[in-house]
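1. Below: sequence and its predicted model.
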Amino acid sequence: MRISFLGGGNMASALIGGLIDRGADASAIQAVDLLPESCARLAERFGVRAVTAIDEAFVDCDLLVLSVKPQQMREAIAPLSGKLSGQLVVSIAAGLRLDDLARWLGGYRRLVRCMPNTPALIGAGVSGLYADPSVDARGRDAAESIMKAVGSVVWVEHEPLIDAVTAVSGSGPAYVFHFIEALEAGGRSLGFDEATARRLAIDTMLGSARLAAASDEPPGVLRERVTSKGGTTEAALASMAQSGVFEAIVRAIAAAEARGRELGDALGRD
Ligand SMILES: NC(=O)C1=CN([C@@H]2O[C@H](COP(=O)(O)OP(=O)(O)OC[C@H]3O[C@@H](n4cnc5c(N)ncnc54)[C@H](OP(=O)(O)O)[C@@H]3O)[C@@H](O)[C@H]2O)C=CC1
Ligand SMILES: O=C(O)[C@@H]1CCC=N1
C-alpha cells in the first residue's frame, strides 16, 4: 500500500517509524511537511520521500494520512480539494469531525477518523477507528491493517466516541509518562540517583502493564494482591485516596474529551 502523510511531526514520525520497523517498504511511504529541515530529518531517519508541498506523486497513493495539528488542517488540506479520487483519507487529528473534513475536501467522503498513540513507534500503539458510513469494507480493512501493523485497534460505533478514545489512549501515554515521572521523583526524594530511580519506575510500569495484559483478572484484583493488610502499599493507597488521585485522573480524562469536542466545534465552524 502506498501511504502519504500530510504533516511529518511527532505522531506521523511514530507511525512511519513503527511501519518501517515492522517491514513496510520505505519507498512506498512519503510525507509533506512545511519545513525543509523537517523533510530532511524524515528522509534521513526513515528513508522516505519528504517534500515541502503537495505534488502529484504525493496525491498518487492508496492511503493518505492527515497528520497536521487540528488548527492547521483546513489550510493544509485545501490543495487536496478536487484532487482526490479513490484514496482512503485517514485523519488522526483530535476533535475534527468527518463532516467538516469532507466539506474542506470539496465533498470527498472516503474518510476515516483514527486516533492512534505514540507507542506505535515500537509497535505497541492502540488506535480507535471510525469510518464514514460510505466507506466500504475494503476501505475499513485498509485503515485497520495499517494501524494493526503498529498496535491494536478498536472500532467505535459512533463518531463522538473518537473523542473519548482520544481522552483515554490518544493522550494516555502522557498520563503514564507523568506517573513514571512521579514514581521517579519519589525515588529521588528517598535518595536514589536519577538512573536508578528511573529504572525502578519504568520497570515497575512495564512489569505491571504486562502482568495486567497477561492476567484474566481485573487490575483491581491485581492491586489487592500487592496490598498487604497493615503494610506499605495500604499506606500509599490511603494517601492517594486522601488526595483524590483516582477521581482527579477520571476528571482529567473528561477534560481531555471536552477539549476534543471544543476543538471540533470551534474549528468546524469555519
Ligand atoms: N502527538 C500525539 O501523541 C498524537 C497526536 N495526534 C494528532 O496528530 C496530529 C499531529 O500531532 P503532532 O504530530 O503531535 O503535531 P506536530 O506539530 O508534531 O506535527 C504536525 C506537523 O505538521 C506540519 N504542518 C503544519 N502545517 C502543514 C501543512 N500545511 N502541510 C504540511 N505539514 C504541515 C507541522 O510543521 P510546523 O511544526 O512547521 O508547523 C508539523 O511538523 C494532530 O492533529 C494531533 O491531534 C493524534 C494522536 C496522538
Ligand atoms: O494533545 C493532543 O491534542 C494530541 C491528541 C492526542 C494526543 N495528542
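-> Here it is on my side, so go on. Numbering: from 1, shown residues only. Ligands and ions are numbered 1, 2, ... in the order given.
2. Say whether ligand 2 is contacted by stretch 1-20.
-> No. Applying Cβ under 6 Å from any ligand atom, one finds stretch 1-20 separated from ligand 2 by no less than 7.1 Å. Glycine gets a C-beta too; all of them are placed from N, C-alpha and C.
3. any idea of the mean pLDDT for stretch 4-17?
-> Mean pLDDT, computed over stretch 4-17, is 97.
4. Kindly report the same for stretch 62-74.
-> Rounded mean pLDDT across stretch 62-74 is 98.
5. now check it, is it near ligand 2?
-> No. Using Cβ under 6 Å from any ligand atom, stretch 62-74 never reaches ligand 2; the gap is at least 7.4 Å.
6. contacts for that stretch?
-> Identification of contacts with stretch 62-74 by Cβ atoms under 8 Å, 6 or more residues apart in numbering yields 1-9, 11-12, 15, 76-77, 80, 84, 87-96, 101, 104, 142-143, 146, 263, 267, 270.
7. Show only the entries of those residues found in helices.
-> The members of the contacts of stretch 62-74 that map onto helices under DSSP state H are 11-12, 15, 76-77, 101, 104, 142-143, 146, 263, 267.
8. How about the residues of this protein by ligand 2?
-> Contacts of the chain with ligand 2, taken as Cβ under 6 Å from any ligand atom, map to 94, 166, 170-171.
9. same thing but 5 Å
-> Neighbours of ligand 2 within the chain, by Cβ under 5 Å from any ligand atom: 94, 170-171.
10. top of these by neighbour count?
-> Gly170 (26 neighbours; other Cβ atoms under 10 Å).
11. So out of everything in the stretch 51-200 of the chain, what residue is nearest ligand 2?
-> Nearest to ligand 2, among the residues of the stretch 51-200 of the chain, is Gly170, at 3.4 Å (Cβ to the nearest ligand atom).
12. which residues of this structure fall in strands?
-> With DSSP state E as the criterion, the chain has strands at 3-6, 29-32, 49-51, 63-66, 88-91, 111-115, 125-131, 151-155.
13. How far off centre is the fifth one?
-> In this case it means strand 88-91. On the basis of Cα atoms, centre = their mean, to the nearest Å, strand 88-91 is displaced by 15 Å from the centre of the chain it belongs to.
14. Neighbouring strands - and their directions - for it?
-> In the sheet, strand 88-91 lines up against strand 63-66 (parallel), strand 111-115 (parallel) (DSSP bridges).
15. Is the residue of the stretch 51-200 of the chain closest to ligand 2 in contact with Ala94, as I believe?
-> Yes. Checked against Cβ atoms under 8 Å, the pair Gly170 and Ala94 is within contact range at 6.7 Å.
16. So which bits of this protein are right by ligand 1?
-> Going by Cβ under 5 Å from any ligand atom, the residues of the chain near ligand 1 are 7, 9-11, 32-35, 67-70, 72, 76, 92-94, 118, 170.
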